[in-house]
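Visitor: sequence and predicted model, in that order:
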Amino acid sequence: MSEIKRSKFKEMAVYQIWTRSFCDSNGDGIGDLPGVLGKLDYIKSLGVDGIWFSPIYPSPNADYGYDISDYKNINPEFGTLDDFRQILDGAHERGMMVFMDLVVNHTSDEHEWFKESRKSVDNPYHDYYIWRKGRDNKPPNNWLSNFEGCAWEYDEGLDEYYLHIFAKKQPDLNMDNPKVREEVKDIMRFWLDMGVDGFREDVITFISKAEGLPNGIPMPAATGIEHYRHGPHLDEYLLEFRRDVLSKYDCFVVGESPMMTVDSALSLIEEGKDQKLDMMFNFQHMEADCIMTDWVKTPFSLRKLKGAMSRWQNGLYGRAWNALYIENHDHARIVDRYGSRDYREESAKMLAAMYMLQSGTPFIYQGQEIGMTNIELDGISECKDIATFNAYRLFKKLGFSEKRFMKLANKVSRENARTPVQWSSEENAGFTTGKPWFNINENYRSINVRDEDKDPDSILNFYRSLIAFRKENDVAIYGKYREFYPASNSLFVYERVLGSRRMLVVCSFKERSVRFDSPSGYDLNSGKLVLSNYKDNKIVNNGFLTKPYEVRVYLF
Ligand code: NOJ
């Protein structure tokens, strides 16, 4: 018997689309909405229940859509509102929901509000943003931008600075201004009335800044973060959005929340009348091979990964709900981080089962389902992402040559996630008939959707089986999580239990063979093997010797 409240949002699996690199329909080299429309059957074939679109609004693309210049329209590079409505209808007809990315911590500096805001201090929009006078010709405080040096940009005309926690072209909105909050609600209503099913809210936990904007503790690229990562009015504003808008629709909201701990998360996602967000993307499990940022790379530590995952699994169970992910547009490809290029297929399948069978709603990033890998970019001139450019500036100061920097970037940068989806072995991976906006990974000839679709043992078909299995087995959705052998640096083993049903998930993170012994109370011979990534699944003495990156899932 489960105490967990059931909901379609807990049972769903969601596919994330970063449109620019998804599928190009008109040969301009840029993925677009008609391209997505043509792939709806493919997306449905994965068994997912929803699509999250990274921002598709008009944008000068300083941060590829995360700098929005008009919240109620579609980026003309991607299509029109009509194209979007067709996708909405097409998705709904196929039983899939559609979620928009809502980016309201900041806008583009080319948004009308900001253009007005910088006209004069008396302009009615001035207070839509965070403008301050300098201190003795210096910025108002020592905060650093995540993307480019100082978090303040000086405006000569006004003799004031505006705050930008991300790029200069992404000024932060002043959420303390009630008019700004009304604008946010208005945007939410616009899309919800059109029929969208909810939002992924970009760095939503940054929207409230500490009173007086005090100096922060110096740290690379994030000085000041303690003053806005869970600011004084965050809970209040999120509750206001919920009360005034979201509660009036059958919709769902997942918040992106860097630097959150389980405890701070619970104040936002704990179920009950004060719940502010349905779920949260936390970052802790994405730091198993780095420190704080992907750019400070360390060797992969399985214990770090398990520690983070189990902390959230145990901390939230019965109180709140996890959002599960191992890839998105902000991180390098997972097989090249936590898996192995030599055992790409095996490790991609193992990683898929490892995270998707935990308690929570799984999100799958485009290309993840075919095991796409990182790309080798030759030089900074081939890069596209503002975060990479920023890192280059910082690493150059540390004495890195371009070559040495690119070696790192090819391991850790967001560029790796943003190469076009590899649809087939045809020219340009079947992504475009024109010149692709960004490099296509050369390995498309052997790693692509068309080939994997035909191969019953492919990563793609493993994802399909996994998603279907989760849907058909309540224990995989609602079961209680317990980890075994937490000290192991080789195996990730956990159970899920719901009533008399038990599921045991055994994952090896090693190429070499490791002995797995069933935890007490388990007799493997009486279980049913429901998923695995090898054909030979012998059991020896109630356990087995693992093959490279082996995964087995048993039901009891
Ligand atoms: C988080 C988004 O996922 C990332 O892509 C973006 O650059 C920042 N927020 C700023 O919007």
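Guide: Perfect, thanks for sending it. Residues are numbered from 1 along each chain as shown.
Visitor: Leu268 contacts Glu236, correct?
Guide: No: using CB atoms under 8 Å, Leu268 makes no contact with Glu236, being 11.4 Å away. (Each C-beta comes from the backbone N, C-alpha and C, glycine too.)
Visitor: pick out whichever of those two has more residues nearby.
Guide: Leu268 (24 against 12; other CB atoms under 10 Å).
Visitor: identify the residue nearest the more buried one in space, chain neighbours excluded?
Guide: Leaving aside its chain neighbours, Leu268 sits nearest to Lys276 (4.7 Å; criterion: CB to CB, 6 or more residues apart in numbering).
Visitor: dump the residue contacts of the one you found.
Guide: 235, 238-239, 241-242, 268-269 (CB atoms under 8 Å, 6 or more residues apart in numbering).
Visitor: next up, phi/psi of it, please.
Guide: Backbone geometry at Lys276, expressed as degrees, to the nearest 10, gives phi -100, psi -40.
Visitor: how close does it sit to Ser145?
Guide: The gap separating Lys276 from Ser145 is 27 Å, by CB to CB, to the nearest Å.
Visitor: that older thread, looking at the contacts of Lys276, which one is closest to Gly479?
Guide: Distance ranking of the contacts of Lys276 against Gly479, using CB to CB, places Ile269 first at 19.5 Å.
Visitor: now, the most widely separated pair of the contacts of Lys276?
Guide: Phe241 and Ile269 (14.1 Å).
Visitor: chain center to stretch 300-319: distance?
Guide: Using CA atoms, centre = their mean, to the nearest Å, the mean C-alpha position of stretch 300-319 is found 17 Å from that of the whole chain.
Visitor: I should have written stretch 391-402 there, sorry.
Guide: 27 Å.
Visitor: what does that stretch rub up against?
Guide: 148-149, 220-221, 295, 379-380, 383, 404-405, 408-409, 413.
Visitor: I'd like the average pLDDT over that stretch.
Guide: In this model, stretch 391-402 has an average pLDDT of 96.
Visitor: list the buried residues of it.
Guide: For stretch 391-402, the neighbour count (16 or more other CB atoms under 10 Å) marks 391-392, 395, 400 as buried.
Visitor: tell me the contacts of the closest residue to the ligand within the stretch 401-550 of the chain?
Guide: As assessed by CB to the nearest ligand atom, the ligand sits closest to Arg414 within the stretch 401-550 of the chain, at 7.1 Å. By CB under 8 Å, 6+ apart, the residues touching Arg414 are 294, 329-332, 385, 387-388.
Visitor: give me the distance between it and Gly212.
Guide: 33 Å.
Visitor: Glu495 touches Ala476, doesn't it?
Guide: No: with contact defined as CB under 8 Å, Glu495 does not count as touching Ala476 (11.3 Å).
Visitor: what do these two both touch?
Guide: Joint contacts of Glu495 and Ala476 (CB under 8 Å, 6+ apart) are Met503.
Visitor: for the buried residues of stretch 391-402, which one is nearest the ligand?
Guide: So of these, ranked by how close each gets to the ligand (CB to the nearest ligand atom), first place is Ala391, at 12.9 Å.
Visitor: can you give the domain ranges for the protein?
Guide: Using automatic domain parsing, the domain parsing of the chain gives 10-105+178-465, 112-163, 479-555.
Visitor: can you tell me which of those domains is nearest to Pro171?
Guide: domain 112-163 (5.0 Å).
Visitor: where do the strands sit along the stretch 201-350 of the chain?
Guide: 252-256, 279-281, 290-291, 293-297, 323-324 (DSSP state E, counting those that start in this stretch).
Visitor: among these, which is nearest the ligand?
Guide: That would be strand 252-256 among these, by CB to the nearest ligand atom, at 5.7 Å.
Visitor: and the contacts of the closest one?
Guide: With contact meaning CB under 8 Å, 6+ apart, strand 252-256 is reached by 9, 97, 99, 197-205, 238, 246, 268-269, 277-281, 323, 361.
Visitor: switch to 6 Å and redo it
Guide: The set of residues external to strand 252-256 that reach it, using CB atoms under 6 Å, 6 or more residues apart in numbering, is 9, 198-204, 277-281, 323.
Visitor: among the residues you listed, which one lies nearest to Tyr228?
Guide: Distances from Tyr228 to the contacts of strand 252-256, taken by CB to CB, are shortest for Val203, at 9.4 Å.
Visitor: excluding chain neighbours, give the residue nearest to the closest one in space.
Guide: Using CB to CB, 6+ apart, the closest residue to Val203 is Asn105 (4.8 Å).
Visitor: quick check: phi and psi on that neighbour?
Guide: The phi/psi pair for Asn105 (degrees, to the nearest 10) is phi -70, psi -30.
Visitor: so what's the residue count around it?
Guide: Asn105 - counted by other CB under 10 Å - has 22 other residues nearby.
Visitor: who's the closest spatial neighbour of whatever residue of the stretch 251-400 of the chain ends up closest to the ligand, skipping the chain neighbours?
Guide: Nearest residue of the stretch 251-400 of the chain to the ligand, counting by CB to the nearest ligand atom: Asp330, 4.8 Å away. Nearest-residue entry for Asp330: Arg414, 5.3 Å, with adjacent residues in sequence omitted and distances by CB to CB, 6+ apart.
Visitor: look up how far His329 lies from that neighbour.
Guide: Counting by CB to CB - Arg414 and His329 are separated by 7 Å.
Visitor: so which helix or strand takes in Tyr554?
Guide: According to DSSP states H and E, Tyr554 maps onto strand 551-555.
Visitor: next, the buried residues of that strand.
Guide: 551-555.
Visitor: return the closest of those residues with respect to the ligand.
Guide: Distances from the ligand to those, taken by CB to the nearest ligand atom, are shortest for Val551, at 28.5 Å.
Visitor: contact partners for that closest one?
Guide: 350, 353, 507, 533.
Visitor: ok, now with 7 Å
Guide: Counting by CB atoms under 7 Å, 6 or more residues apart in numbering, Val551 touches 349-350, 353-354, 506-507, 532-533.
Visitor: how about it, nearest residue that isn't a chain neighbour?
Guide: Met350 (4.0 Å).
Visitor: that neighbour is in contact with Leu531, isn't it?
Guide: No: the pair Met350 / Leu531 is not scored as a contact, 10.2 Å apart, by CB atoms under 7 Å.
Visitor: higher neighbour count, the two?
Guide: Met350 (29 against 19).
Visitor: could you give the number of residues near Ser45?
Guide: Counted with other CB under 10 Å, Ser45 comes out at 13.
Visitor: where does the residue nearest to it when sequence neighbours are not counted land in three-state SS?
Guide: Excluding the flanking residues, the one nearest Ser45 by CB to CB, 6+ apart is Arg464, at 7.0 Å. Here Arg464 takes the helix state, with states given by DSSP: H, G, I helix; E, B strand; the rest coil.
Visitor: flag the shaky bits of the chain, pLDDT-wise.
Guide: The model of the chain has pLDDT under 70 over residues 1-3.
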